[in-house]
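**Q** pasting the sequence and the predicted coordinates here, then a few questions.
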Amino acid sequence: VEAPASTEEAVLAGGPKTEAGKSLIQLEGLTKVFETEEVETHALSNIHLTIRQGEWVAIVGPSGSGKSTLLAVLGLLDTASRGTYLLDGRSVLELSPSDRALVRNRHIGFIFQSFNLIGDLTVFENVELPLTYRGMPAAERKQRVERALEKVGMAHRARHMPGQLSGGQQQRVAVARAVAGDPLILLADEPTGNLDSKNGEAVMQLLSELHKGGATICMVTHDPAHARVATRTVSLFDGRVVQDEQRR
Ligand code: ADP
Ligand code: MG
């Protein structure tokens, strides 16, 4: 028997409205195995992790420890092999690819190390695109894009193409794109990794302001100083959580 196709409304129907301290992300026994013909890699092994509304979590660990895989699963860019993932109380791993994309687009803001802006769209259009996918009316899109670009100090570059901007400016636009839709959580995989220290600090300052404004953030970082800015540090080693330090 096939499960009935879910309507967009059913997929996106929220639980209770989010409130401070409420658990936004809950992973139970999450395992991710990459299988190729020769080898099986346990990128994530039996991860239990709860992220609450308003937290700023830094994910740290050596190269290959599973940080990017964890973030990709949290961001619904990848699936898991075993375990459960509740996003705002809703089980999301068994969703169909199209429903998963719907939930991702509506509830997740993702910031990549390499910015990932679309080169032949303007700054404005880049920030607008996820809102368009969501079916938001043009007038509301315009308002949201302008507000997001103002938030990151890039309103004066709305008509520029990404290639006309510095790396630091591109990452600010990527942050605007990630927050324009008011996601439940902001995920960032080494957001300062491709930036010099001055631009890196500017992006950290921006994340700091978003956090003060109530945003929930989960960020992969190599930089111990950046991890210390977060409210909590989760350390991975060989696909396992080996330390979980709450700072405040
Ligand atoms: P980190 O971000 O901490 O450096 P990753 O999450 O990228 O680590 O990788 C964790 C492990 O999973 C590594 O051993 C890596 O080689 C492996 N891995 C990651 N992505 C893939 C993939 N698409 N196919 C096969 N193995 C992968
Ligand atoms: Mg990585």
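**A** That came in fine, so what should we check first? Ligands and ions are numbered 1, 2, ... in the order given.

**Q** could you point out the longest helix in this structure?
**A** If you go by DSSP state H, the chain has its longest helix at helix 197-212.

**Q** and it, what does it pack against?
**A** Helix 197-212 is packed against helix 167-179, strand 185-189, strand 217-220, helix 224-229, with contacts defined by 3 or more Cβ pairs under 8 Å, 6 or more residues apart in numbering; DSSP states H and E. Just so you know, the C-beta spots here come from the backbone N, C-alpha and C atoms, and that holds for glycine as well.

**Q** repeat that for 7 Å
**A** With contacts taken as 3 or more Cβ pairs under 7 Å, 6 or more residues apart in numbering; DSSP states H and E, helix 197-212 sits against helix 167-179, strand 217-220, helix 224-229.

**Q** so L129 versus A174, what's the distance?
**A** 12 Å (Cβ to Cβ, to the nearest Å).

**Q** ok, these two, which is more surrounded?
**A** It is A174, of L129 and A174, that has more neighbours when counted by other Cβ atoms under 10 Å, with 25 against 18.

**Q** tell me, how many residues neighbour P97?
**A** Neighbours of P97 (other Cβ under 10 Å): 9.

**Q** pLDDT score for it?
**A** For P97, the model assigns a pLDDT of 94.

**Q** next to ligand 2, which bits of the protein? Give me the list.
**A** Contact residues (Cβ under 5 Å from the ion) of the chain with ligand 2: K67, S68.

**Q** can you tell me the closest non-neighbouring residue to G214?
**A** G54 (6.4 Å; Cβ to Cβ, 6 or more residues apart in numbering).

**Q** same deal with S91?
**A** The shortest distance from S91 to any non-neighbouring residue, by Cβ to Cβ, 6+ apart, is to T84 (6.2 Å).

**Q** kindly export the helix or strand where that neighbour lies (C-alpha atoms) in CSV.
**A** Per DSSP states H and E: T84 is located in strand 82-87. The C-alpha atoms that make up strand 82-87 are tabulated as CSV, following Å, rounded to 0.1, in the frame of the first residue of the first chain:
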residue,chain,number,x,y,z
ARG,A,82,19.6,5.0,9.9
GLY,A,83,18.1,6.9,12.8
THR,A,84,15.5,9.7,13.2
TYR,A,85,15.5,13.4,12.6
LEU,A,86,12.8,15.5,14.0
LEU,A,87,12.7,19.1,12.6
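
**Q** now do that strand against strand 185-189, angle only.
**A** 130 degrees (axes from the mean of the first three to the mean of the last three Cα atoms, to 10 degrees).

**Q** for strand 82-87, packing partners?
**A** strand 23-35.

**Q** and the strand it packs on, which residues are buried?
**A** L24, I25, Q26, L27, L30, K32 (16 or more other Cβ atoms under 10 Å).

**Q** the third one bridge partners, please.
**A** Beta-bridge partners of Q26, counted by DSSP bridges, are T50, L86.

**Q** touching, it and L86? I think so.
**A** Yes: with contact defined as Cβ atoms under 7 Å, Q26 reaches L86; the gap is 4.2 Å.

**Q** same question for stretch 239-248, mean pLDDT?
**A** Mean predicted lDDT for stretch 239-248 stands at 94.

**Q** what residues of that stretch count as buried?
**A** G239, V241.

**Q** so is that stretch next to ligand 1?
**A** No: against ligand 1, stretch 239-248 shows no contacts by Cβ under 6 Å from any ligand atom, the least distance being 6.8 Å.

**Q** how far does that stretch sit from the chain's center?
**A** Mean C-alpha position of stretch 239-248 versus that of the full chain (Cα atoms, centre = their mean, to the nearest Å) differs by 19 Å.

**Q** right, I'll leave it there.
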